[in-house]
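Chemist: show me the folded form of this:
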Amino acid sequence: LGLGPLRGGQAAAAGGVRDEVKEYYGKVLQKSADLQTNACCTAVELPQEVKAAIGKVHPEVVSKYFGCGLCVPEALSGLSVLDLGCGSGRDCYVLAQLVGESGSVVGVDMTDEQLSTARQHVAWHADAFGYARPNTDFKQGYIEDLKGIGLGDETFDVVVSNCVVNLSPDKAAVLREAFRVLKAGGEMYFSDVYADRRVPPHLRDDPLLYGECLGGALYWNDFLALAKAAGFADPRLVEATPDGPPGSAPASSPRDPTSPPHGRQDAPITVANPALEEKLCGIRFYSATYRLFKLPGRLEADCEDYGQAVVYKGTLPGRAAAFDLDSHHHIEAGKVFPVCGNTYHMLASTRFRQHFEYVGAHPHEAGKSAHFGIFDGCGKSLPFASASAAGAGGQCC
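Modeler: This is a model prediction of the structure:
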């Protein structure tokens, strides 16, 4: 999994991967239509405010967009945002509008040609948005080493990334760096490509498959382990789109990484290239968006029940009726919604705090919160065979 820093031969191999990615995205691909699969350009339904924001982005920037999902989270006004692997800057310029003139967006990329496009239009966008000065900045460097380009600890409220982590030769380092630069209560909100199994070495080493975001795709369960090791204790899936023939049904199980959120439809990642399909030997790929909160000391390994609930006020822009925290939490406005301790903190200890009312004490506040065991419906249950026969109730000793 690459949990430690790269050394020796690993570092040399990483350099080779980076050179191949630079070549593919800087020289081979000139526009989105040059891609040979849709892994890097999966269509998703965009909120109205995002559609409007894209409409104000320079056409050249949009034409060179490569992304596999939607990496625009809610409640961004006034925040500082970092985009890992920003490419030509499309998402940065969308985010620049959503954070407003008082917010800021920094994009990081290693590819000369992509950064040249992004930087060329900084002043143009500030003028188009009606800002007195630009609120965007673009830095050249590696997303595995943000400290090397001067990004300090706890600098950003939100980190986003759009179909780039799979291109990194050291994905664990990317997650560790994202955790480091995030402020407490911040989140990494990103889309990427995942596989239903570990991609074998001969496919990982294929330059075309790697450049198309398939060769470097993580096995989804390995990703969860890496995220937790980096400090993100409870990764939450927002949405996922599986490959396969149109209309094919995804697997479904508790906390399944392929299960779509409330009201959203799956769309396939298709290769549409017989030679590449034959190479892949039945591996299924998924475009998925995750949100990872930095809440040190607050999130537990599992969803625990402290008898808590929240009530959504309906105050998030564009989400008056309901708010989707993730694929398993569709929270309707005005309705008491029971939550586990982790979900409670993802709302009460982050920028979402003001948009909810809260029932019950914070978990871990000594003497203030009773514990009722594992939270029902989170994919884990009491393991003892007699538990179901005993029923939910019981007498205290």
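Chemist: can you point out the buried residues in the strand ranked longest in the chain?
Modeler: Taking DSSP state E as the criterion, the chain has its longest strand at strand 182-195. For strand 182-195, burial by neighbour count (16 or more other Cβ atoms under 10 Å) applies to 182, 185, 186, 187, 188, 189, 190, 191, 192, 193, 194, 195. Just so you know, the C-beta spots here come from the backbone N, C-alpha and C atoms, and that holds for glycine as well.
Chemist: tell me which strands and helices that strand is in contact with?
Modeler: Under the contact definition 3 or more Cβ pairs under 8 Å, 6 or more residues apart in numbering; DSSP states H and E, strand 182-195 sits against strand 156-162, helix 171-181, strand 218-219, helix 220-230, strand 285-293.
Chemist: after that strand, which helix or strand is next?
Modeler: Once the chain leaves strand 182-195, the next helix or strand it forms, by DSSP states H and E, is helix 201-204.
Chemist: give the buried residues for that next one.
Modeler: 203, 204.
Chemist: so where is the stretch 251-397 of the chain shaky, pLDDT-wise?
Modeler: By pLDDT under 70, the weakly predicted segments of the stretch 251-397 of the chain are 251-268, 270-272, 362-368, 385-397.
Chemist: swap the cut-off to 90 and go again
Modeler: The model of the stretch 251-397 of the chain has pLDDT under 90 over residues 251-288, 360-369, 376-397.
Chemist: in the stretch 101-250 of the chain, where is pLDDT below threshold?
Modeler: In the stretch 101-250 of the chain, residues with pLDDT under 90: 111, 113, 163, 167, 193, 204-214, 239-250.
Chemist: the nearest residue to residue 380 once chain neighbours are set aside: what's it in contact with?
Modeler: Ranked by Cβ to Cβ, 6 or more residues apart in numbering and with sequence neighbours excluded, the top spatial neighbour of residue 380 is residue 374, at 5.5 Å. Shown in contact with residue 374 (Cβ atoms under 8 Å, 6 or more residues apart in numbering): 302, 303, 304, 305, 380, 381, 382.
Chemist: please, which helix or strand holds residue 309?
Modeler: strand 308-312.
Chemist: elements contacting that strand?
Modeler: Against strand 308-312 (3+ Cβ pairs under 8 Å, 6+ apart) you get strand 329-332, strand 336-339, helix 341-348, strand 356-359.
Chemist: distance of residue 113 from residue 119?
Modeler: 11 Å (Cβ to Cβ, to the nearest Å).
Chemist: same question for residue 203.
Modeler: From residue 203 to residue 119 the distance is 35 Å (Cβ to Cβ).
Chemist: now swap in residue 350 and tell me
Modeler: Relative to residue 119, and taking Cβ to Cβ, residue 350 is found at 32 Å.
Chemist: not counting its neighbours along the chain, what's nearest residue 190?
Modeler: That would be residue 161: by Cβ to Cβ, 6+ apart, it lies 3.9 Å from residue 190.
Chemist: for the one you found, give me its contacts.
Modeler: Residues 71, 83, 84, 85, 143, 188, 190, 191, 192 are the ones in contact with residue 161 under the rule Cβ under 8 Å, 6+ apart.
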